[in-house]
Structure formats: C-alpha cells, structure tokens
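Novice: this one's structure only:
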C-alpha cells in the first residue's frame with residue numbers, strides 16, 4: 001500500500017485542507033493518506049481552537065486514513081525544527097511521498113533553492129548575521145539572505161517571505177538532507193492566502209480568517225459554514241456545546257499572568273527560548289497589559305516577532321525548561337490519534353517495519369519520554385470553564401485512538 005504523508009494543524013479543518021488531500025492523492029496515486037498533526041499548542045505559539053481529538057475526528061471524516069500527533073518539542077518550534085520532527089515521523093511510518101501546500105506550487109523552485117544553499121552555506125550564514133545586526137528577526141534575516149543569494153546567482157526564485165513556502169522549503173530540506181526515500185510534491189494554495197483575515201472566496205478561506213470570524217461573531221458558525229465540510233461544522237458545533245468555548249490565548253491570559261507575576265527574572269531565564277534579557281520585558285509589561293493581545297503588542301520588537309513571542313508564552317505557560325527541550329533532538333515515539341479501516345490495514349501490513357514505537361495507550365509508555373505532551377494537554381484543558389475541564393484533563397489517558 002503506497003502512502004502519502006501530510007503535515008497539518010487543522011485549526012480547524014476546512015475546504016482548503018480537503019482540496020489538499022484530494023490533490024495529494026491525485027498527484028501520487030497513493031492508497032493511504034497519513035497526517036502528522038500538532039497537538040494542543042501550535043507552531044505559531046497558539047492554543048488550538050479545539051482539542052487534538054476533535055481535529056483528528058474532522059480529518060478522519062475527510063480523507064485522512066491514519067493520524068498521529070507531532071510531539072510538543074517539535075510542534076511549538078520554529079519552521080526548521082517543526083519540519084524535521086514531522087518529516088522524521090512520516091519517514092518512520094514508511095511514507096512513500098510527502099505532499100505539502102505552498103504559495104509556489106512548483107517543486108522545481110524548492111529543488112533549485114536547496115541546491116543553491118547547499119553550495120552557498122557559508123555565504124548564507126554570513127548574510128543572515130549581517131541582516132540580524134540591522135535588527136531583523138532571524139526568520140526575516142534568513143529570508144532576505146536567501147532572496148539575495150537567488151538574485152545574485154540568477155536562480156529560479158522561491159519567495160521565502162511566504163509562510164507556506166518557508167515551511168515547504170524546510171520539509172523539502174529535511175527529506176533531501178537526510179536522504180529519506182520519499183518523493184516530495186507540492187500543491188499550490190488556491191483562493192485564500194495563509195494570513196488572510198477576511199474571506200476572499202465563496203468556498204475556500206484560510207484557517208486564520210475562519211478563526212477571526214469566530215472571534216468577531218462570539219463563536220457563531222453561520223458565516224463560516226460555506227468554508228467547512230459538514231463534518232467540521234458539526235464537530236465545531238459539538239465542541240462548543242460540550243466545552244462551552246473555543247480555545248484562544250485570552251482563555252489562558254490569567255494563568256500566564258499568574259506564572260509571570262510569581263516568578264523572578266532568574267527563574268524565567270531557564271524557560272526555553274528566553275534569551276538576550278527578554279525576561280525583563282516580560283516581567284515589566286505583564287503589569288501593564290490588559291489582555292494577552294495587549295501584552296504581545298507591548299513586548300514586540302523588530303527582533304522578536306509576534307509568533308516567537310507567542311511561542312515563548314506557551315513555554316512559560318507549560319513551564320518548559322531549556323534543559324528539557326535539549327533532550328529531544330528527534331521524535332522517540334509515534335502517538336496514534338486515529339485510523340480508518342484503510343489505515344488499520346496499513347498498520348497491519350507495515351507496523352513491523354516502523355522505525356519508532358507506536359503508542360495507542362498512554363499508560364503503557366515510559367512516562368519521562370512523553371511528559372511534555374501530557375503537561376501541555378493538561379494545561380490546555382484549563383482553557384475551558386471549570387465545569388468542563390475534568391473531561392479534557394482525563395482525555396489523554398482515557399481516550400483510545402479514534403476508529404472510523
């Protein structure tokens with residue numbers, strides 16, 4: 001059985017994601033689609049709108065055959081580490097193909113950039129340092145360095161200021177650098193850009209615009225219904241009925257504020273991604289901010305992007321220390337969230353060839369290896385009203401993989 005792998009967040013699952021799955025199968029002729037999906041906290045440093053279990057349910061209803069969790073040490077990281085963890089898991093699951101969405105839609109552009117940067121690594125590093133001295137954040141400095149190298153060397157241009165191109169390049173780089181036997185292909189985004197906050201089409205909208213609309217309408221689903229498969233619409237409806245809210249950073253603001261107000265700069269400096277004295281800005285502005293959004297606005301500098309600051313906030317919230325994250329250079333397990341009948345056939349056929357152990361029952365695995373995932377899930381549960389928290393708190397241990 002040929003398998004194509006996709007790296008996803010599904011926050012929430014919408015018609016654009018459905019299009020990606022359909023095109024991935026069409027391009028590769030794969031019989032199985034495997035998704036590695038971020039857990040409770042996401043790559044841009046945000047809590048997922050709804051739980052990983054509800055998002056896995058959406059995925060399995062719409063063409064994904066096997067879905068596993070990207071562990072916290074990779075899901076809440078910058079693009080290179082996020083991509084390396086996800087690709088390693090897909091490789092370990094025996095995927096024949098990797099298919100990602102991009103603004104480019106042309107895999108040759110990714111190949112050209114990879115070959116150029118492999119040859120010009122020292123020059124790239126020099127340019128990145130120069131741009132960072134000008135006060136740029138690392139992602140922007142890297143993007144500008146690559147754009148300069150492509151211009152000077154007259155290489156076919158890949159716009160690495162675009163978010164999906166950035167991630168796509170890191171997926172491609174991870175496959176090529178590790179010589180994984182996966183073919184890589186890309187599907188062009190259609191009708192909506194990643195950062196769009198308004199609807200620009202009748203049927204396709206970015207996850208960002210869908211979440212914005214939910215916030216603007218106090219959780220009303222009426223205006224977002226055209227952009228979702230019916231199963232996603234129903235899952236969102238059911239989640240709100242069960243847990244009384246959707247998860248946003250404002251749900252966690254009081255917890256984050258408590259964490260910051262009761263800690264010292266020295267203690268804060270041990271938290272992952274806290275560096276260059278940024279802890280003093282956190283401790284200063286937490287006393288002035290009236291909301292999470294206000295807090296990030298006060299914190300933001302040219303060097304520290306909104307996304308990076310949000311990721312730091314996730315690590316503060318979960319009390320994730322530098323020394324903990326340094327022990328995770330590669331994924332050590334595969335956490336199974338759900339399968340279809342086709343997915344179970346694939347597991348039966350390929351399981352003995354997998355390179356990492358599969359976890360379907362949390363209590364059967366060594367606790368220290370999965371402690372960050374468990375802690376993140378428990379903190380995530382605090383984002384719903386007290387009356388609904390217990391069910392989410394217990395879910396990591398009580399809920400078996402979803403079977404469709």
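Specialist: Perfect, I can see it now. The model shown is predicted, which means the values in this text are computed figures rather than measured ones. Numbering: from 1, shown residues only.

Novice: name the element residue 98 belongs to?
Specialist: Per DSSP states H and E: residue 98 is located in strand 97-102.

Novice: Sorry, slip of the keys, the one I care about is residue 218.
Specialist: Here residue 218 sits in a region with no helix or strand, counting by DSSP H and E.

Novice: looking only at pLDDT, what's the mean for stretch 375-386?
Specialist: Mean pLDDT, stretch 375-386: 96.

Novice: can you check stretch 90-106 too?
Specialist: Here the average pLDDT along stretch 90-106 is 96.

Novice: do stretch 52-63 as well
Specialist: Taken as a whole, stretch 52-63 carries a mean pLDDT of 97.

Novice: Show me the contact partners of it.
Specialist: Stretch 52-63 is contacted from outside by 8-13, 17-18, 21-22, 25, 33, 35, 37-40, 48, 67, 69, 229, 231-232, 235, 238-239, 337-340, 377, 395, 399, 402, 404, using C-beta atoms under 8 Å, 6 or more residues apart in numbering. For the C-beta atoms, the positions are set from N, CA and C on the backbone; glycine is no exception.

Novice: Mind doing that once more with 7 Å?
Specialist: Outside stretch 52-63, the residues that touch it by C-beta atoms under 7 Å, 6 or more residues apart in numbering are 10, 12-13, 18, 21-22, 33, 35, 37, 39-40, 48, 67, 69, 229, 231-232, 235, 239, 337-338, 340, 395, 399, 402, 404.

Novice: Count the residues that sit near residue 115.
Specialist: Neighbours of residue 115 under the rule other C-beta atoms under 10 Å: 12.

Novice: what's the angle from the helix or strand where it lies to strand 97-102?
Specialist: Following DSSP H and E, one finds residue 115 within helix 107-119. With axes from the mean of the first three to the mean of the last three C-alpha atoms, to 10 degrees as the basis, helix 107-119 and strand 97-102 are set at 100 degrees to each other.

Novice: for the helix or strand following helix 107-119, packing partners?
Specialist: Per DSSP H and E, the first helix or strand lying C-terminal to helix 107-119 is helix 121-133. Under the contact criterion of 3 or more C-beta pairs under 7 Å, 6 or more residues apart in numbering; DSSP states H and E, helix 121-133 touches helix 138-152.

Novice: The helix it packs on packs against which elements?
Specialist: Here helix 138-152 touches helix 107-119, helix 121-133, going by 3+ C-beta pairs under 7 Å, 6+ apart.

Novice: Please point out which parts of that helix sit buried.
Specialist: 139, 140, 141, 142, 143, 144, 145, 146, 147, 149, 150 (16 or more other C-beta atoms under 10 Å).

Novice: Let me have these in a markdown table, extended by distance to residue 164 and pLDDT.
Specialist: As requested, the buried residues of helix 138-152 are exported to a markdown table (distance: C-beta to C-beta, whole Å; pLDDT from 0 to 100):
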| residue | distance to residue 164 | pLDDT |
| --- | --- | --- |
| 139 | 14 | 75 |
| 140 | 16 | 79 |
| 141 | 20 | 84 |
| 142 | 16 | 81 |
| 143 | 13 | 79 |
| 144 | 18 | 84 |
| 145 | 20 | 84 |
| 146 | 15 | 79 |
| 147 | 16 | 78 |
| 149 | 21 | 82 |
| 150 | 18 | 77 |
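
Novice: what about the strands in the stretch 251-400 of the chain?
Specialist: Counting by DSSP state E, counting those that start in this stretch, the stretch 251-400 of the chain has strands at residues 334-339, 358-359.

Novice: Parallel or antiparallel, which strands does the last one pair with?
Specialist: For strand 358-359, sheet partners with direction are given as strand 334-339 (parallel), following DSSP bridges.

Novice: what does the strand it pairs with rub up against?
Specialist: Residues from elsewhere that reach strand 334-339 (C-beta under 7 Å, 6+ apart): 52-53, 56, 60, 65-69, 89, 92-93, 347, 356-360, 373, 401-404.

Novice: what's the spacing between that strand and its chain's center?
Specialist: Averaged C-alpha coordinates place strand 334-339 at 16 Å from its chain's average position (C-alpha atoms, centre = their mean, to the nearest Å).

Novice: swap in stretch 283-293?
Specialist: 26 Å.

Novice: Stretch 223-236 too?
Specialist: With C-alpha atoms, centre = their mean as the basis, stretch 223-236 stands 21 Å off its chain's centre.
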